[in-house]
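Asker: show me the folded form of this:
(one chain, ligands or ions: 1)
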Amino acid sequence: MVEVLQKWEELDANDPLSGRRDLFDLPEGMIYLDGNSLGALPKSVSARMKNMVEEQWGQSLITGWNKHGWMDMPARVGERLAKIVGAEEGTVLATDITSINVFKLLATAVKMRPERKVILSDTANFPTDLYMAQGLVRLLDAGHELKIVDPEEIYDALDESIAVMLLSEVEYKSGRRYDMAKYTEKAHSVGALVIWDLCHSAGAFEVELDKCNADFAVGCGYKYLNGGPGAPAFVYAAKRHHDTMVTPLSGWHGHEAPFAFDLDYRACEGIDQMRVGTPSVLSLAALDAALDAFEGVDMAEVRAKSVALCDLFIEEVERRCPEVSLVTPRNADERGSQVSFAVEEGYAVMQALIANGVVGDFRAPNIIRFGFTPLYVSYGDVVKAAETVERVLRERLWDTPEFKKRAKVT
Ligand SMILES: *Cc1c(COP(=O)(O)O)cnc(C)c1O
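Answerer: Got it, this is the predicted structure:
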């Protein structure tokens with residue numbers, strides 16, 4: 001016991017990111033390991049929202065669009081995100097929500113491979129990605145097909161029939177991570193395009209979209225980026241595709257001259273074409289303010305700490321709790337920034353953990369999931385969380401009717 005205490009105390013004392021925790025408002029006494037679902041509240045957001053509502057909206061009203069540059073917010077926030085996901089200027093836009101962006105990019109990519117009919121994805125993908133693809137196939141009604149294979153088979157399934165491959169770099173349930181460079185290269189070698197879903201990547205570790213030669217990507221603003229519930233998502237298109245891509249959602253904000261009010265749509269140039277309608281200014285401001293927490297942060301440091309936090313959690317939980325089995329790859333190179341365990345009565349176990357101050361979440365059928373966000377989770381949190389998992393299991397704290405009652409959001 002003494003040995004463990006010393007270990008994490010030393011790790012926290014030498015943590016170059018430890019000062020970042022002060023930038024967040026976290027409830028007293030809570031160990032928050034669900035930043036992979038909804039990031040914690042950065043203090044900068046509260047002040048910014050007050051200003052946005054009371055000053056910008058309240059006082060400037062309609063003139064705010066010009067006075068405060070509301071119109072440019074999708075691009076401005078996009079540039080900040082571009083730095084986090086390894087994308088050059090002019091290729092990322094903060095807009096809409098991930099599902100919508102998946103649809104836009106899928107339709108765009110499919111049109112760029114008119115002779116091919118197959119969209120390839122895997123059984124581990126987040127369902128909305130698959131649902132959006134199914135909806136597009138139905139809408140096109142032109143013989144397209146969504147082919148869903150197991151993650152282990154996807155590399156070999158990439159052949160010349162594939163128009164576009166849609167993959168989540170990190171799988172939401174297990175936390176398994178694809179090698180973006182390797183899969184992108186294979187896709188290109190057979191002439192396919194790739195859309196990467198970065199929901200569990202952006203803000204969690206270094207992403208190198210340009211270096212990996214990615215075609216398109218989407219990602220989420222409310223998970224590791226801490227933009228708040230329902231925060232705007234982002235969309236990326238490599239510059240080499242800007243001249244040929246055609247978005248299916250030709251809204252007025254993607255028009256060359258929105259305020260000319262022409263009767264006919266003419267797409268504007270570049271990534272701005274992926275805009276649809278009026279931007280969610282308040283939500284964009286929250287995301288913008290949240291990104292302050294990443295200013296000056298070396299993502300390599302974030303990754304190093306994330307690996308260490310996950311390793312420590314795996315070690316501590318496995319040592320204490322023989323009844324759980326690790327679902328996440330043990331090898332850090334093959335995972336994102338979360339740890340999932342399979343355990344019987346997982347739902348009730350998670351409710352008991354939450355009641356005891358350790359917040360993670362549950363994914364059917366039996367997975368308890370813990371996200372590690374290096375900006376505000378400490379090594380001490382990890383050890384305390386493992387102790388709580390042990391106590392909940394050993395004392396069967398989960399075994400009550402109250403904890404077995406399923407809520408709408410799990
Ligand atoms: C969270 C998540 C989404 C969420 O999509 P929304 O449109 O924001 O609801 C999509 N894809 C993946 C991989 C996710 O993890």
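Asker: let's verify the residue in the stretch 151-300 of the chain that the ligand sits nearest to: helix, strand, or coil?
Answerer: When distances are taken as CB to the nearest ligand atom, the stretch 151-300 of the chain reaches nearest to the ligand at Cys199, 3.3 Å away. All C-beta spots, glycine's among them, are computed from the backbone N, C-alpha and C. Following DSSP: H, G, I helix; E, B strand; the rest coil, Cys199 is assigned to coil.
Asker: which residue is the nearest non-sequential neighbour of it?
Answerer: Taking CB to CB, 6 or more residues apart in numbering, and ignoring the residues beside it in sequence, Cys199 has Cys220 as its nearest neighbour in space, at 4.0 Å.
Asker: next SSE downstream of the helix ranked longest in the chain?
Answerer: For the chain, the longest helix by residue count, based on DSSP state H, is helix 299-320. Using DSSP states H and E, the next helix or strand after helix 299-320 towards the C-terminus is strand 325-326.
Asker: what's that following strand packed up against?
Answerer: Counting contacts by 3 or more CB pairs under 8 Å, 6 or more residues apart in numbering; DSSP states H and E, strand 325-326 is packed against strand 338-342.
Asker: elements contacting the helix or strand following the strand it packs on?
Answerer: Proceeding N to C from strand 338-342, the next assigned helix or strand is helix 346-355, under DSSP H and E. When contacts are defined as 3+ CB pairs under 8 Å, 6+ apart, helix 346-355 packs onto strand 361-363, strand 367-371, helix 379-394, helix 401-404.
Asker: could you rerun that using 6 Å?
Answerer: strand 361-363, strand 367-371, helix 401-404 (3 or more CB pairs under 6 Å, 6 or more residues apart in numbering; DSSP states H and E).
Asker: can you list the neighbours in contact with the second one?
Answerer: Surrounding strand 367-371, the residues in contact under the criterion CB atoms under 6 Å, 6 or more residues apart in numbering are 33-36, 173, 338-343, 346, 349-350, 360-363.
Asker: that one pairs with which strands, parallel or anti?
Answerer: Here strand 367-371 is paired, per DSSP bridges, with strand 338-342 (antiparallel), strand 361-363 (antiparallel).
Asker: and the pLDDT for Glu3?
Answerer: Predicted confidence (pLDDT) for Glu3: 63.
Asker: residues near the residue of the stretch 151-300 of the chain closest to the ligand, how many?
Answerer: 26 (other CB atoms under 10 Å).
Asker: got the strands paired with strand 367-371 as a markdown table, with distance to the ligand and mean pLDDT columns?
Answerer: Listed next are the strands paired with strand 367-371 as a markdown table, based on distance: least, CB to the nearest ligand atom, whole Å; pLDDT from 0 to 100:
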| stretch | distance to the ligand | mean pLDDT |
| --- | --- | --- |
| strand 338-342 | 11 | 98 |
| strand 361-363 | 11 | 94 |
